[in-house]
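> Here is my input, please return the structure:
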Amino acid sequence: MPAPNPAATDAFTALLTEEGRALLEQLRAYDPAQELATATRLRRDHPAELVSAALGQARLRQRAVAKFGAEDAYRMFFTPNGVEQATRAVVAAYRARRFEALGVRRVADLCCGIGGDAIALARVGIAVLAVDRDPLTCEVVRANAEALGLADLIEVRHADVTEVDTSSYDAVFVDPARRGGRGRIFDPEAYSPPLSWAIEAARTAPHAALKIAPGVPHEAIPEDAEAEWISDGGDVKEAVLWFGTRPGARRATLLPGGASLVGRDLPDPAVRPVGRYLYEPDGAVIRAHLVAEVAEELGGDAGLIDETIAYVTSDELRDSAYAAAYEITDVLPFNLKRLKAIVREREIGVAVIKKRGSAVEPEELRKKLKLAGANSCVIVLTRVAGAPAMLLGRPARSAG
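Numbers count the residues shown, from 1 in each chain. Just a heads-up that it's a prediction; the model follows:
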């Protein structure tokens, strides 16, 4: 386990005092650009070490608002790694509801970090054992449980997760560290703890969830696990291996709405010419390899524009919770000169540029187009039947 850092722990503990909490409240709306002036002013009345710790915590709270919302973020405490690696609150809440629906009442949260998932579990009434090997992180989890009124449901334990007995728990949740001193770790066996250990730990309980990177190869997924990819607002946030649910299933869940698509092992859709509408499946759907399920939902004439590209096309407009729809006005071989002429002729000043299967970088293209005018469009850089193409259009109106 990491060696204790008494100085860091003391600095954090000082923030929990009445003086420290009052200082953090003063810094709720502080401007980081004015940090030097703010620090100078505060040091007239407070110890320099406390001011430094409070300013650092204030910055972390501002960063955490995006994940936890202002109401929670400004009551909670964070570490730099904790903010970076914490589960987004809407994702943690969704996962907690899945555990609750399974009848789970006690969860061992291994590698708990600053407690984002433990908080969500406790909020649905599940008792949590939150375990982390970093002593400062454990102090932060305790402070967060207390600050949010959940201390009765969250037990914090400073320990190596590989030495914790979880046999008395209904479920295990494992979130291995996927970042190291050099940044993101791509080898699952280099996670801390390794993915192989986490999978075996997950198999020891009636139910379990194991958080993994969204880019995990499908062939690395155990046959007895359900794999779920989760997006929030269109951005893929994580993948989870569930044990004790639906072995072998592949699922894509889209938050905040909660639409959830389960695979049915459908064959790939046929390739067809680009129709009036282009559908862009959500990233979670693509990661879960469920584009065929979306095409089936869209109707009999829906098909792929290319056998290697996850764009679906159709002559009909139909609503889908799993894909954004665009009305296509032009289907052309990619040609920069032609594209520049089109946007100039149509007075396009605003363009949403998308790419899939194209080597062209959208921001580089944007600079070359020199957009100017009162109109807008969507430009899709892709391949159609194996050839580089550019599709122009606009967001489609709802079929409803």
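
> how far does stretch 259-278 sit from the chain's center?
Taking C-alpha atoms, centre = their mean, to the nearest Å, the mean C-alpha location of stretch 259-278 is offset from the chain mean by 24 Å.

> For it, list every residue counted as buried.
By neighbour count on 16 or more other C-beta atoms under 10 Å, the buried set for stretch 259-278 is Ser260, Leu261, Gly263, Pro269, Val271, Arg272, Val274, Gly275, Tyr277, Leu278. Quick note: C-beta positions are derived from backbone N, CA and C, even for glycine.

> any idea of the pLDDT on Gly181?
Looking at Gly181, its pLDDT reads 54.

> ok, now the one 10 residues further on?
Tyr191 is assigned a pLDDT of 70 by the prediction.

> How about it: what's its closest non-neighbour residue?
Nearest residue to Tyr191, sequence neighbours excluded (C-beta to C-beta, 6 or more residues apart in numbering): Pro176, at 3.8 Å.

> Count the neighbours of the one you found for me.
By other C-beta atoms under 10 Å, 22 other residues sit near Pro176.

> And for Val216?
With other C-beta under 10 Å as criterion, Val216 counts 17.

> Going forward, the N-terminal residue is numbered 30.
OK, 30 is where the count begins now, so the last one is Val245.

> Beta-bridge partners for the residue lying closest to it once chain neighbours are set aside, please?
Nearest non-adjacent residue to Val245, counting by C-beta to C-beta, 6+ apart: Ala268, 5.7 Å away. Ala268 has these beta-bridge partners by DSSP bridges: Ile241, Trp258.

> Hmm, Ala268 is touching Glu255, no?
No. Under the criterion of C-beta atoms under 8 Å, Ala268 is not in contact with Glu255, lying 10.9 Å apart.

> Okay, the residue nearest to Val245 and Ala151: tell me how far apart.
For Ala268, the distance to Ala151 equals 24 Å [C-beta to C-beta, to the nearest Å].

> Which residue of these two possesses the greater neighbour count?
Ala151 (24 against 21).

> Make sure the more buried one is actually in contact with Ala159.
No. Counting by C-beta under 8 Å, Ala151 does not reach Ala159; the two are 9.3 Å apart.

> Between those two, which contacts overlap?
Ala174, Ile183 (C-beta atoms under 8 Å, 6 or more residues apart in numbering).

> quick one on the thing from earlier: the residue nearest to Val245 and Ala242: what is the separation?
As for Ala268, its distance to Ala242 is 7 Å (criterion: C-beta to C-beta).

> Does Leu410 have any beta-bridge partners, and if so which?
With DSSP bridges as the rule, Leu410 is bridged to Lys384, Met419.

> ok, it - how many residues close by?
Residues lying near Leu410 (other C-beta under 10 Å) number 21.

> How far off centre is the helix or strand harbouring Leu270?
Here Leu270 sits within strand 264-272, counting by DSSP states H and E. Relative to its chain's centre, strand 264-272 lies at 8 Å (C-alpha atoms, centre = their mean).

> Pull out the buried residues from that strand.
Buried residues in strand 264-272, counted by 16+ other C-beta under 10 Å: Val265, Lys266, Glu267, Ala268, Val269, Leu270, Trp271, Phe272.

> ok, now stretch 76-95?
Buried, per 16+ other C-beta under 10 Å, within stretch 76-95: 79-80, 82-91, 93.

> before we move on, what about stretch 253-262?
Neighbour counts over stretch 253-262 (16+ other C-beta under 10 Å) mark Ala254, Glu255, Ala256, Glu257, Trp258, Ile259, Ser260, Asp261 as buried.

> For burial, what's the neighbour tally of the closest residue to the last one other than its chain neighbours?
Nearest-residue entry for Asp261: Leu284, 4.5 Å, with adjacent residues in sequence omitted and distances by C-beta to C-beta, 6+ apart. When counting by other C-beta under 10 Å, one arrives at 20 neighbours for Leu284.

> before we move on, what about Ala40?
The number of residues packed near Ala40 is 19, by other C-beta under 10 Å.

> same deal with Ile250?
17.

> Please apply the same query to Ala350.
By the criterion of other C-beta under 10 Å, Ala350 has 14 neighbours.

> any idea of the pLDDT on it?
96.

> One more: the one 3 residues further on?
With respect to pLDDT, Ala353 has a value of 96.

> Same question for Ala37.
pLDDT, read off for Ala37, is 81.

> returning to that earlier point: quick check on the residue nearest to Asp261: phi, psi?
Leu284 has phi and psi values of phi -100, psi 160 when expressed as degrees, to the nearest 10.

> Could you pull up the residues touching the residue nearest the centre of the chain?
Among the residues of the chain, the one closest to the centroid is Lys266, at 1.9 Å (C-alpha atoms, centre = their mean). By C-beta under 8 Å, 6+ apart, Lys266 lies in contact with Thr116, Arg117, Val120, Pro243, Ile259, Ser260.

> again, only this time at 10 Å
96, 116-117, 119-120, 240, 243, 258-260, 284, 312-313 (C-beta atoms under 10 Å, 6 or more residues apart in numbering).

> Repeat that for Ser196.
Ala137, Thr233, Ala234.

> what about it, which helix or strand?
Assigned by DSSP H and E, Ser196 falls outside every helix and strand.

> What separation do you get for Ala288 and His187?
From Ala288 to His187 the distance is 39 Å (C-beta to C-beta).

> An error on my part: the question was meant for Ala130.
According to C-beta to C-beta, Ala130 and His187 sit 31 Å apart.

> who's more crowded, the two?
Ranked by neighbour count (other C-beta under 10 Å), Ala130 and His187 place His187 first, with 17 against 9.

> Let me see the confidence value for that one.
The model's pLDDT for His187 equals 95.

> secondary structure class for the nearest residue to Val193 once chain neighbours are set aside?
Nearest residue to Val193 in three dimensions, chain neighbours excluded: Val160, at 5.4 Å (C-beta to C-beta, 6+ apart). With DSSP: H, G, I helix; E, B strand; the rest coil as the basis, Val160 sits in strand.
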